[in-house]
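Q: Here's a sequence, model it:
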Amino acid sequence: MDKAKMIFEIFDRFISFDYAEKDDEFQKFLQNLSRADDICKSYAEISQVIYNLKDEDFTKLANFFGVLKKDDPNHFEGYLDLMELDNLKKDNLAHFERHIVLSCWQRRYVSDITKDASDEVANVKGKVTKIYSEFVGILGVFTALSFALMGSVQVFGNILNNINNPTVGNVGYVLIVGGIYLILIYLVIMTLFIGMGKVFNKDSKYQFDKCFTWYIIFVSVMLIAVGLVLVLIG
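A: Here you go, the predicted structure:
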């Protein structure tokens, strides 16, 4: 059996430690461990096993050695104080304990750094996704706006091209169409800006400017009215 596997089995005893277990049974286990100086001082294998423990098992091991919280008792150290060991055996267990505690702190430190890095990556990814969504939304709004304006210009061009001999009635017809289109284009533009506001903020409530809206309505009504008069005259 290799050292790493033996150390894992030893750790499993700490991880599954029953705090109601008889002291003499656990002390006997530590007595046997204290004689294995090659295991107690196998620093590389100890670190390897600790770094590869499952999170739940690591937490139990760290709790047993009082690592995670400042006021938690170190049960391993408590047993050492109760046992009568010669200097060599005490030294072996002391080395074993120190390296376990050190490796636990190292794993905790690395885990915290990794978690912070993961959170930062997720944060950056979220910002990039938001910027991309906003860019696509703005591009879509202004593309639709461009098509709407181009369509209006084309419609007016077609109307004017069909007027070969301008008359009062034809001019009135153009004014009526222009008044109607003015309102429609205003509604299209405002709808697009409301959509753009929703892209930036889903809870946003964009309101039409009342003064400007009434001005547009007034101009449109005047164009339509004048156009109707001219059509009737013509």
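
Q: In this protein, where's the longest helix?
A: Counting by DSSP state H, the longest helix found in the chain is helix 87-161.

Q: avg pLDDT for it?
A: Helix 87-161 shows a mean pLDDT of 77.

Q: For that helix, name the packing helices and strands.
A: Judged by 3 or more C-beta pairs under 8 Å, 6 or more residues apart in numbering; DSSP states H and E, helix 87-161 is in contact with helix 23-35, helix 37-40, helix 43-51, helix 55-64, helix 75-82, helix 168-200. Any C-beta I mention is one placed from the backbone N, CA and C, and that applies to glycine too.

Q: Looking at the ones you listed, spot the one closest to residue 127.
A: helix 168-200 (13.8 Å; C-beta to C-beta).

Q: Report the angle between the helix or strand following that closest one and helix 168-200.
A: The element immediately downstream of helix 168-200 (helix or strand, assigned by DSSP states H and E) is helix 210-233. Calculated by axes from the mean of the first three to the mean of the last three C-alpha atoms, to 10 degrees, helix 210-233 forms an angle of 160 degrees with helix 168-200.

Q: Can you give the distance of helix 210-233 from its chain's centre?
A: 52 Å (C-alpha atoms, centre = their mean, to the nearest Å).

Q: Now do it: everything it contacts.
A: With contacts defined as C-beta atoms under 8 Å, 6 or more residues apart in numbering, helix 210-233 is touched by 168-169, 171-180, 182-183, 186.

Q: Which member of these is positioned nearest residue 7?
A: Lowest distance from residue 7 to those (C-beta to C-beta) belongs to residue 186, with 77.4 Å.
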